[in-house]
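Q: sequence and computational prediction follow.
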Amino acid sequence: MPRPVDVAADRTTTAAKQIVTQRMERALTPLLICLLMVVAWLSLGFGSTAIGVIDGLRDWLSGEQTQAALIIGEIRLPRTLLALCVGAALGLSGAALQGLLRNPLAEPGLVGASQGAALGAATVFYYGVFAGLGTLATAVAGLLGAGAALLFMLLLAGSGRPALVIMAGLAISTVAGAALAVVLNFAPNPYAMQELVFWLMGSVSNRGLDSLAILFPALIIGSALILMQRRLLAALSLGEQVAESMGFSVKKGSRIIVLGTACLVGSSVSVAGAIGFVGLLVPHMLRPFVGHRPDRLLIPAALLGAILVCVADIAVRGMPPGRELKLGVLTSLIGAPFFVWLVWKERKRWL
Amino acid sequence: MALIAIDNLTVDQRVKAVSLELHRGELLGLIGANGAGKSTLLNAITGLVPATGNITIDGRTAASIPPHERARIVGIQPQAVSSAWSLKVSDIVALGRLPWGDEDETAIERAIERAGVSEFRMRNIDHLSGGERARVWLARVLAGEPQALLVDEPIASLDIHYQLAVMEVLKNYSREAKGVIVAIHDLSLAARFCDRLCLLHHGELLAIGTPAEVLTEPLLATAYGVPVDIDLSRNPPVVLPK
């Protein structure tokens, strides 16, 4: 029924354009995987001591006690894997939350998850709750903190309405922030407080491979929960009513996405502290390359999150020795101006 | 057997004990003043708002049909839709396949052709005019190829060319042994295109029948509160406020 215009002439260019975009979208994930491997390799090779990465890995795997094996296996490998896992968790949770809330300003910190996780982990840090769990205690407390914060947020919001979720998230973040201040205020001693403050700034240094024992399963479970709901995220592009009318249970699906996000954010905050703005930046950078589709954004966001956090960690390590710049501080320095710019852009859209 | 049969359907104070049937091959127009309950009735048939009474779809109780399967049979185009993201038109139309869990190219192509959006299929939704968007939303629901198509005021933001074109699309769709219910304000177009009309007033069914049976001066005066000039013998028929 098109109005009589020359549709036929336009059709060939349209088809050509379509092929180009499709190819670009298909190439994105393999491209990011290659980039991730390159960055991981650089991260293993980068440090104050020059070491052959292949030699170090081989010695470490065969159990030889060489210097190379020690540095690669005990220091750089855990650090690299942690940076990748934390980045993937943050990138993916940002993409999932933005899709769910249909809001490009959504961030894991927004729903109160980061603050809840920090509160849980900090409490353990000081008062030795779950002492029986050993090094896993903070991670478990982080998961519980993020879970509890999200549970309260959902109870307060009462529904999946984006505006309400954002307000409820803000309220819960504030409460968790106040409680965290109380914990800091009553720190047993100044050294404990200093240690906690540094940890909250976010870093992946000096963590052993055992931190991965909780982060990796949480990453798998959280990602699986979110990816299961990717069709709901696509449907939600047109609003809750349209999604419901296409047979989706928005309420149930939203809860599964929130639970997946809690797994990702809780575990990464408890292991690496607060590394802000990754969840905000990454989906925004990728959106034009996936045709703005929230479902196709998920896996690339996990990959780019991993790449960015790993690169940021390499940058932190490359700074002159002495006063170390924390990873979380670096991501905030880059991310915060970007956040301001995003708000400015959104404002212009409404004017 | 009716494609959709609703019996004594009630949604709190908005829809009161409405009973009607939609048959295959039929274009049923839903008319009535603002707030008469047209949108609520359509949403209740789709299962978007909880309602009491019985809804039977193809002889089966609606509540017994799993949500995705129900969405394949009954498709709705709500009145107010917007896209949260700057999606490409063809991607939005493809979303209409979500109840099926596939990306059936032929169904998507057919929907794009039917709704006349092929000229701007590669453009992003936020770069289109209101009238163009209205046709994209229609293409989205057509891509699901539902047996019963419910459309809530699809022509409200269109120029007269596309008002006619969209009504033609709905009419032709109903002729493929599908059923279509359209909520519509333009009574002349309702008289011209619809096989039957259903007139709602304060949530109650005031009249249902052929355009000649429903578009009478006393009924419309009751429903709209203004005297109306009706000439159904003209081609096309004219229904205008006096």
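A: Okay, I see it. Numbering: from 1, shown residues only, chains lettered A, B, ... in the order given.
Q: now the strands for chain B?
A: B:4-11, B:15-22, B:27-32, B:52-57, B:60-61, B:74-77, B:148-152, B:179-183, B:196-201, B:204-209, B:228-231, B:238-241 (DSSP state E).
Q: and of the ones you listed, who's closest to chain A?
A: Taking CB to the nearest CB, strand B:74-77 is the member of these nearest to chain A, at 4.8 Å. In this view, the C-beta of every residue, glycine as well, is placed from N, C-alpha and C.
Q: can you list contacts of that closest one?
A: With contacts defined as CB atoms under 8 Å, 6 or more residues apart in numbering or on different chains, strand B:74-77 is touched by A:245, B:4, B:42-43, B:45-48, B:57, B:96, B:99, B:137-138, B:140-142, B:144-152, B:154.
Q: same question, stretch A:291-300
A: Contact with stretch A:291-300 is made by A:21, A:25, A:28-29, A:32, A:92, A:95-96, A:98-99, A:226-227, A:230-231, A:233-234, A:236-237, A:283, A:286-287, A:289-290, B:85-88, B:91, B:124, as judged by CB under 8 Å, 6+ apart.
Q: helices and strands around the host helix or strand of A:Arg255, which ones?
A: Using DSSP states H and E, A:Arg255 falls within helix A:250-272. Helix A:250-272 sits against helix A:77-101, helix A:113-127, helix A:137-157, helix A:212-228, helix A:230-236, helix A:240-245, with contacts defined as 3 or more CB pairs under 8 Å, 6 or more residues apart in numbering or on different chains; DSSP states H and E.
Q: rerun that using 6 Å as the cut-off
A: Under the contact definition 3 or more CB pairs under 6 Å, 6 or more residues apart in numbering or on different chains; DSSP states H and E, helix A:250-272 sits against helix A:77-101, helix A:113-127, helix A:137-157, helix A:212-228, helix A:240-245.
Q: got the angle for the first one vs helix A:212-228?
A: Counting by axes from the mean of the first three to the mean of the last three CA atoms, to 10 degrees, helix A:77-101 lies at 30 degrees to helix A:212-228.
Q: just to revisit the earlier point, make CSV out of the strands of chain B and add distance to A:Ile54 and mean neighbour count.
A: Shown next, in CSV, are the strands of chain B (distance: least, CB to CB, whole Å; neighbours: other CB atoms under 10 Å in any protein chain shown):
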stretch, distance to A:Ile54, mean neighbour count
strand B:4-11, 68, 18
strand B:15-22, 71, 19
strand B:27-32, 72, 25
strand B:52-57, 65, 17
strand B:60-61, 65, 12
strand B:74-77, 58, 26
strand B:148-152, 63, 24
strand B:179-183, 67, 26
strand B:196-201, 76, 23
strand B:204-209, 79, 16
strand B:228-231, 86, 16
strand B:238-241, 83, 14
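Q: near chain A, which residues of chain B show up?
A: Chain B comes close to chain A at residues B:46, B:48, B:67-68, B:71, B:76, B:78, B:81, B:83-88, B:91, B:98-99, B:116, B:119, B:122, B:165, as judged by CB under 6 Å from any CB of the partner chain.
Q: pull the contacting residues for the residue nearest the centre of chain B.
A: The residue lying closest to the centre of chain B (CA atoms, centre = their mean) is B:Val151, at 2.2 Å. Going by CB atoms under 6 Å, 6 or more residues apart in numbering or on different chains, B:Val151 touches B:Gln77, B:Val182.
Q: swap in 8 Å and give it another go.
A: With contact set as CB under 8 Å, 6+ apart, B:Val151 has these partners: B:Ile76, B:Gln77, B:Leu138, B:Val141, B:Leu170, B:Val180, B:Ile181, B:Val182, B:Ala183.
Q: for chain A, which residue is closest to the average position?
A: Closest-to-mean residue, chain A, CA atoms, centre = their mean: A:Leu90 / 0.1 Å.
Q: what's the spacing between the nearest residue to that residue once chain neighbours are set aside and chain B?
A: Excluding the flanking residues, the one nearest A:Leu90 by CB to CB, 6 or more residues apart in numbering or on different chains is A:Val278, at 4.1 Å. To chain B, A:Val278 is 20 Å away according to CB to the nearest CB, to the nearest Å.
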